[in-house]
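**Student:** give me coordinates for this.
(one chain, ligands or ions: 1)
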Amino acid sequence: MALNLLMLGPPGAGKGTQAERFAKAKGIPKISTGDILREAVANKTEIGLRAKAIMDRGELVNDEVMIGIVQERLGRPDAAGGFILDGFPRTVAQAAALDGIMTGHDPLIVIDIVVPEDELVRRLGTRTICRLCGETGPVGCEVGGACAKCGGRLVQRTDDNKAVVLERLKVYHRQTEPLVEFYRIRPTFRSVDGAQPPDRVAADLAAAIAAAAATGAAGVQG
Ligand code: AMP
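**Tutor:** Below is the predicted model of the structure:
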């Protein structure tokens, strides 16, 4: 059974870091819509030019554009054996479109990473990202430090300043949190406590995915 995964959770929950780790361990692609958009901004593509201002305000890029990006990406051969989505879907419309895209494929496994709000604000205020490769710096890394992957300089994300962080959390509660209820009724939905140290989160995540996959496989057969 292909591992078709998606990570839910607020900004700062550790979705990207955990998705990256799990994807590497399983040899499946991590598909982060935030990374795809930041690359488009850096390359000054048409989508990038339109998305930049929206991202800098902490708002969401429109559903049609995002669905198009993800549909194209999931259609590539490397996603056929499984994938892990990070940052998509973020609205009910995106989730409904994803169900359409996934028709006839192995069931989606949905992991919600739960972290208290004050911890999210603290993490987002201190988070760094590499200016060259876009890798998120490890927790505790400071602006000006070197990226562990490519040696590039770590900077703060332009949308990680306090005002934009608060707006992104508001947008999360309004537009993305309803997805928890959208998916919760599925047998392949699991929650993971994201407030623990990263290694514990990774272990819980792997166990939750294995349990959900077993349920999903049973569902397909039965
Ligand atoms: P992220 O790196 O996932 O926090 O995404 C950074 C920003 O990119 C978000 O604040 C949105 O402006 C935009 N973005 C990323 N993914 C989506 C999505 N699925 N739908 C709409 N906007 C998105």
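**Student:** wait, what's in contact with the spatially most central residue of the chain?
**Tutor:** For the chain, the residue whose C-alpha lies nearest the mean C-alpha position (Cα atoms, centre = their mean) is residue 86; its distance is 2.0 Å. Contacts were defined as Cβ atoms under 8 Å, 6 or more residues apart in numbering; by that measure residue 86 touches 6-7, 15-16, 19, 30-35. All C-beta spots, glycine's among them, are computed from the backbone N, C-alpha and C.
**Student:** do that again at 10 Å, thanks
**Tutor:** Applying Cβ atoms under 10 Å, 6 or more residues apart in numbering to residue 86 gives the contacts 5-9, 15-20, 22-23, 30-35.
**Student:** next, residue 5: secondary structure please.
**Tutor:** Look at residue 5: counting by DSSP: H, G, I helix; E, B strand; the rest coil, its state is strand.
**Student:** what's the closest non-adjacent residue to the residue of the chain found nearest the ligand?
**Tutor:** Of the residues in the chain, the one nearest the ligand is residue 34, at a distance of 2.0 Å by Cβ to the nearest ligand atom. The spatial neighbour of residue 34 that comes closest, neighbours along the chain excluded (Cβ to Cβ, 6 or more residues apart in numbering), is residue 87 at 4.6 Å.
**Student:** other residues contacting stretch 99-106?
**Tutor:** Outside of stretch 99-106, the residues within contact range by Cβ under 10 Å, 6+ apart are 1-4, 6, 67, 70-71, 74-75, 79-80, 82, 89, 108, 182, 188, 213, 216-217, 219-220.
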